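S.K.: What shape does this take:
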Amino acid sequence: MTLLPLNLKAGFYRNGTDLDASNRWRDGSLVRWRDGSLRPIGGWQTFKEGFCSNPIRGAHAWESNNGTAYFAAGSHNELTATTGSGVLYDITPTSMTTGREDAGLNLGFGGGFYGTGYFGTQRPATGTYSEATSWQLDNWSEYLVGVHYDTGTLVEWQLGSSAVAAPVTNAPTSNLGLVVTEERFIFLLGAGGNPRKVQWCDFEDNTLWTAASTNQAGSEILQDSGQIMQGVRTRGQTLIITDNSAFTARYVGPPYIYQFDRVANSSGSVSRMSAVDTDRGVFWMGQKGFFNFDGNTVRELPCEVHDYVFDDINVNQQSKIWAFSNTEFSEVWWFYCSANSLEIDRYVAYDLAENHWLIGNLSRTGGVSRGVFRTPIMGGELAETITHNVTVADSGGNKYFISDYSGAAPTITLKKGNTYIFDQSAASNLNHPLQFSTTSNGTHGGGSAYSTGVSVVGSAGSAGSYVQIVVSDSTPSTLYFYCSNHSGMGGTANVIEPVILSNHEQGLNYDSGSVFCETGPISIGRGDAVAKVTEVIPDEKTQGDVDLKFKTRFYPNDTETTHGPFNPSNPTSVRFTGRQLRMRVDGDQATNWRVGTMRLETKAGGRR
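M.R.: Numbering: from 1, shown residues only. Take a look at the predicted model:
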């Protein structure tokens, strides 16, 4: 017998084939490593429910001059702020253009090539993608300043409950974004409709934008083939990233004010929110890689999960990608949409201190690092399962009554991301099966039953019967509930997408998220012998906090056989055989567990 230690390098490896990840961690979610031990990331707790109605795309946190902490974020049609105590402000500019929640094909003017297609025939659904609308936000002293991608106007919120963000007098229009420099100049990016122009106001005067010998206002047009994506304030300079290159802007004083230098080619940013500053420089995500500017030079980061990320990403929705610096753990996280997802559902993170990569599943559309607030704050949907009891009573005719709502045939609210169970166990529901439709009064109003995400258990009026609906991003904004047998019993269901702000890296709540980590193939010796495993000797901080599963097979593309789960004892008796095996660790308890080097009692069998 031989003890086989599973002493695997920290971080995930997800390039090439499954066998290429031999003796490495290959898959997982919501875990990290510290000093060689595997552990869960911190969980999250609700900070503010109903922050806004749509996914946030751009956020900022800052303190006012009197020390009040603020968090602000924008969606395609909103701009909202809250204090640390939860006081909410709708500061949406009155003249804001409604943008796009999702990126979409631009089939209008400029969205394709002139002269393609035949006169009189329907145009195919091809063209360029218009970005999902985002905000670039910063603070200029204690005031919030921002640019909404579709509106392009520089707006400023001067705090106060009666004010909204208002256009800044004399500022250029048709801008792509902004950043405030260390010297407290506002840089407008893509200023005045020129996608390569940087224009800045006079020192301490954001209403003076015309350069003169008596002020420090100015502008610079970058010599680049692309458009400016993002500006990042970093130590001693400002980094300007286009979709192709990177430039620095250094303050030199009058008469030139700023000096601009190209620091890299072929290193463009994938989105307007993908770059973030850290103590080790600026990190950002490009079209096919990750980059770091250390203050002098730009380098591409070797990425051990490159194939996993870039081979399974929704490139049409890449404008939603955003980053934040998880300073407590020296990590940079990027959130993105996987290939089959319209909304953000995954993250990839780089550990700056230990030089390895993390991956996982988490739907967060925007947020900020810790600093102003004690923990990172992120926005997303809170997935819950909610049960409503349904009864039927006479109210000028039979009507549905829904618990948690008052009155007959009430207007109800369904939140995207939630699952709703409408319990029809009450005897009054007999012969009154509840259904949904996109037409008022359903089939009685000429419509049809809506069935996407809807399941029915039992018969209305019998014990245990219910109708369940899973509300997703594709659910229409308005549904109607009705009785399939009788007209006029139901009401309206408004579908909304409320954003929940959560404090992250706090506690051990993960909602329904799966906290796990799984190895790649592990072999004995050169992998030509069969391994017979009889015992597991666990290495945990607190024994029993995790469950273990083992998967075996004899060839790389063979079908796997799963063994377990096993809740480790000291030792744990098992019995399985294979030429390759992999181990999966599942966080079984809501504890801050640790896993070190597990050891397997193995015996080499034959080669067949």
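
S.K.: can you list contacts of the longest strand seen in the chain?
M.R.: Determined from DSSP state E, the single longest strand within the chain is strand 385-394. Residues from elsewhere that reach strand 385-394, judged by Cβ atoms under 8 Å, 6 or more residues apart in numbering: 398-405, 408, 412, 418-426, 428-429, 432, 434, 466, 489. In short, each C-beta sits where N, CA and C put it, glycine included.

S.K.: what does stretch 58-72 give?
M.R.: The contact list for stretch 58-72, computed with Cβ under 8 Å, 6+ apart, reads 73-74, 79-84, 91, 134-139, 141-142, 144, 146, 157, 159, 272-273, 322, 366-368, 371-373, 377, 379, 501.

S.K.: residues touching the most centrally placed residue in the chain, list them.
M.R.: Nearest to the geometric centre of the chain sits Arg364, at 3.2 Å (Cα atoms, centre = their mean). By Cβ under 8 Å, 6+ apart, Arg364 lies in contact with Phe335, Ile344, Tyr347, Met378, Gly379, Gly380.

S.K.: got any ranges where the stretch 351-500 of the chain has weak pLDDT?
M.R.: Counting by pLDDT under 70, the stretch 351-500 of the chain contains low-confidence residues at 382.

S.K.: rerun at 90
M.R.: 381-385, 415-418, 472-474, 496-499 (pLDDT under 90).

S.K.: Which parts of it are helices?
M.R.: In the stretch 351-500 of the chain, no helices are defined using DSSP state H, counting those that start in this stretch.

S.K.: how far is stretch 78-98 from where the chain is centred?
M.R.: Centroid separation between stretch 78-98 and its chain, computed with Cα atoms, centre = their mean, to the nearest Å, is 21 Å.

S.K.: swap in stretch 244-259?
M.R.: 33 Å.

S.K.: now stretch 304-320
M.R.: 13 Å.

S.K.: Go through it and flag the buried ones.
M.R.: 304-306, 308-310, 313-314, 316-320 (16 or more other Cβ atoms under 10 Å).

S.K.: what do you get for stretch 408-422?
M.R.: The neighbour-count check on stretch 408-422 (16+ other Cβ under 10 Å) flags 408-410, 412, 414-422 as buried.

S.K.: Next step: those residues restricted to strands.
M.R.: Those of those lying in strands (DSSP E): Ile412, Leu414, Lys415, Thr419, Tyr420, Ile421, Phe422.

S.K.: What is the nearest of these to Asp35?
M.R.: Set against Asp35, the nearest of these by Cβ to Cβ is Thr419 (39.5 Å).

S.K.: show me where the stretch 501-608 of the chain has strands.
M.R.: Applying DSSP state E, counting those that start in this stretch to the stretch 501-608 of the chain gives strands spanning 516-519, 531-537, 546-553, 561-566, 572-578, 580-587, 598-604.

S.K.: Ok, the stretch 1-150 of the chain next?
M.R.: Counting by DSSP E, counting those that start in this stretch, the strands of the stretch 1-150 of the chain are 2-6, 9-12, 24-29, 31-34, 37-40, 44-48, 59-63, 69-74, 79-83, 88-90, 104-106, 128-130, 135-140, 143-148.

S.K.: Please identify which of these is closest to Asp18.
M.R.: Using Cβ to Cβ, those put strand 24-29 closest to Asp18, at 7.3 Å.

S.K.: got the CA coordinates for the closest one in CSV?
M.R.: The C-alpha coordinates for strand 24-29 follow below in CSV (Å, rounded to 0.1, in the frame of the first residue of the first chain):
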residue,chain,number,x,y,z
ARG,A,24,-4.2,20.5,-10.8
TRP,A,25,-7.5,21.9,-9.7
ARG,A,26,-9.7,22.2,-12.8
ASP,A,27,-13.2,23.3,-11.8
GLY,A,28,-14.9,25.1,-9.0
SER,A,29,-16.8,28.1,-7.7
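
S.K.: Show me the domain layout of the chain.
M.R.: 2-43+507-604, 45-97+128-380, 385-496 (automatic domain parsing).

S.K.: end-to-end on the second one?
M.R.: Going back to what we said before, that points to domain 45-97+128-380. 12 Å (Cα to Cα, to the nearest Å).

S.K.: of the ones in strands among the buried residues of stretch 408-422, closest to Ser330?
M.R.: Lys415 (35.4 Å).

S.K.: my guess is the closest one meets Ile496, correct?
M.R.: Yes - contact criterion Cβ atoms under 8 Å: Lys415 and Ile496 qualify, at 5.8 Å.

S.K.: Include mean pLDDT and distance to Tyr258 when you put the strands of the stretch 1-150 of the chain into a markdown table, please.
M.R.: Converted to a markdown table, these look like this (pLDDT from 0 to 100; distance: least, Cβ to Cβ, whole Å):
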| stretch | mean pLDDT | distance to Tyr258 |
| --- | --- | --- |
| strand 2-6 | 89 | 54 |
| strand 9-12 | 98 | 39 |
| strand 24-29 | 98 | 43 |
| strand 31-34 | 97 | 39 |
| strand 37-40 | 97 | 45 |
| strand 44-48 | 94 | 38 |
| strand 59-63 | 98 | 23 |
| strand 69-74 | 98 | 27 |
| strand 79-83 | 98 | 29 |
| strand 88-90 | 96 | 34 |
| strand 104-106 | 81 | 34 |
| strand 128-130 | 83 | 31 |
| strand 135-140 | 99 | 17 |
| strand 143-148 | 99 | 18 |
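
S.K.: Can I get the ones you listed in a markdown table including mean neighbour count and distance to Glu535?
M.R.: Shown next, in a markdown table, are the strands of the stretch 1-150 of the chain (neighbours: other Cβ atoms under 10 Å; distance: least, Cβ to Cβ, whole Å):
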| stretch | mean neighbour count | distance to Glu535 |
| --- | --- | --- |
| strand 2-6 | 13 | 9 |
| strand 9-12 | 20 | 24 |
| strand 24-29 | 21 | 22 |
| strand 31-34 | 19 | 25 |
| strand 37-40 | 20 | 21 |
| strand 44-48 | 19 | 37 |
| strand 59-63 | 20 | 50 |
| strand 69-74 | 24 | 51 |
| strand 79-83 | 21 | 54 |
| strand 88-90 | 15 | 57 |
| strand 104-106 | 14 | 57 |
| strand 128-130 | 16 | 55 |
| strand 135-140 | 23 | 56 |
| strand 143-148 | 25 | 60 |
